[in-house]
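>>> Turn this into a structure:
(one chain, ligands or ions: 1)
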Amino acid sequence: MRYLLFGASGLLGQQIVDKLSGCKRDVSGAAPLAEASLTAPASKDADLRDHAGVRAVICDAKPDWIILSAAYTDVDGCESNRELAFAVNCEGALNVAHAAREFGSRLLFMSTDYVFDGSKRSPYEVTDPKNPTGVYGESKACAEEQIAKVLPNVCIARTSWLFGPGGKSFPATIVKLAASRPEIAVVNDQRGSPTFTVDLAGALLQLCQASAHGIIHVTNEGNCTWFDFAVEIVRLSGLDTAVRPVTTAEFPRPAKRPAYSVLSPQSLNSYNVHLPSWQDAIRRYLAQKIS
Ligand SMILES: NC(=O)c1ccc[n+]([C@@H]2O[C@H](COP(=O)([O-])OP(=O)(O)OC[C@H]3O[C@@H](n4cnc5c(N)ncnc54)[C@H](OP(=O)(O)O)[C@@H]3O)[C@@H](O)[C@H]2O)c1
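Residues are numbered from 1 along each chain as shown. Here you go, the predicted structure:
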């Protein structure tokens, strides 16, 4: 299987590269993962906004699967840069979709829980209506709709609350703060599913191998608030820092966050892919970090 990855330097992209590393380049024919090949251009060589550049990269690689993980992910930044958010996340994604159709490649597009408004109190199914409340979510929701028109068999993987090695992530911030302060304050009125990039990368490759299509929700099992997540991180790190629950209103941010964005695993499980719980995932992440 030939893969082309946009967004290789990102939190998720690094783990996809890692899963596919050691695989040979240019192996042809149906191949198991170990014999897959990967092309992973840097963003400077393949800016999603450059239609001709994106087309050239896809033409050269002629991949079986394109994984589109690249995005403008600064949720607050998107509020003041609407044009850039749509240029990268929607029009840029469409550039990839058009070239994928031209060269007969399958596309796996990474999307987000931010396409929902967070007003539900039971896990979001893939059939639930989208209603983003911020520019980032709007740009991703727009991409989902436009891409599906170009590529009806696209696979759209929505995920949430990513953490992992190789970049800024919530657990690393909590460990750092908790190690230097007697008490930390963490928001307790937003609920979601923390997702380990290592587990997510593996699941995405399983979905490609299963020739998945349509919208699929891909997160670690279970859910919690940011406060619950922080308490578990502090506990597993062996620290005795107090964690104080606070409200979102006490920490105003430019972009509104969904109060509830738990994604149902039903669509993922229908491909017989199951991810471990977030508690298991954070334990493995911290063990890796400490060792
Ligand atoms: N992080 C989360 O909690 C979360 C939650 C739900 C969904 N998602 C989605 O999951 C995907 C991966 O997220 P992530 O956290 O791994 O992202 P990330 O760490 O912010 O990485 C973003 C990647 O996109 C690349 N990029 C940005 N602008 C680009 C452009 N104009 N052209 C080409 N490449 C560009 C970056 O390249 P440079 O490093 O060179 O800038 C980087 O490789 C994204 O699609 C995101 O929307 C993330």
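
>>> export stretch 169-182 as CSV, just CAs?
Provided in CSV are the C-alpha atoms of stretch 169-182 (Å, rounded to 0.1, in the frame of the first residue of the first chain):
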residue,chain,number,x,y,z
SER,A,169,-0.2,18.7,24.6
PHE,A,170,-2.4,19.0,27.7
PRO,A,171,-0.7,16.2,29.9
ALA,A,172,2.8,17.7,29.4
THR,A,173,1.5,21.1,30.4
ILE,A,174,-0.2,19.7,33.5
VAL,A,175,2.9,17.8,34.6
LYS,A,176,5.0,20.9,34.2
LEU,A,177,2.6,23.1,36.1
ALA,A,178,1.9,20.6,38.8
ALA,A,179,5.6,20.1,39.4
SER,A,180,6.1,23.8,40.1
ARG,A,181,2.9,24.9,41.9
PRO,A,182,1.1,23.8,45.1
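
>>> where does the stretch 101-250 of the chain come near the ligand, residue by residue?
Within the stretch 101-250 of the chain, the positions adjacent to the ligand are 110, 112, 159-162, 167 by Cβ under 6 Å from any ligand atom. Just so you know, the C-beta spots here come from the backbone N, C-alpha and C atoms, and that holds for glycine as well.

>>> let's see it at 8 Å
Counting by Cβ under 8 Å from any ligand atom, the stretch 101-250 of the chain comes close to the ligand at 109-114, 136, 140, 158-163, 167-169, 195, 197.

>>> Glu183 against Arg244, yeah?
Yes. Contact criterion Cβ atoms under 8 Å: Glu183 and Arg244 qualify, at 5.8 Å.

>>> contact partners of the top strand by length along the chain?
Using DSSP state E to define each element, the chain has its longest strand at strand 106-112. Contacting residues not belonging to strand 106-112 are listed as 7, 12, 64-69, 71, 93, 96-97, 100, 136-137, 140, 143-144, 147, 151, 153-160, 204, 207-208, 211-212, 215 [Cβ atoms under 8 Å, 6 or more residues apart in numbering].

>>> For whatever residue of the chain ends up closest to the ligand, give its distance to Gly167.
Closest contact between the chain and the ligand, by Cβ to the nearest ligand atom, is at Gly10 (2.3 Å). Gly10 sits 7 Å away from Gly167, taking Cβ to Cβ, to the nearest Å as the criterion.

>>> Looking at the two, which is more packed in?
Using other Cβ atoms under 10 Å, the more surrounded residue of Gly10 and Gly167 is Gly10, with 21 against 15.
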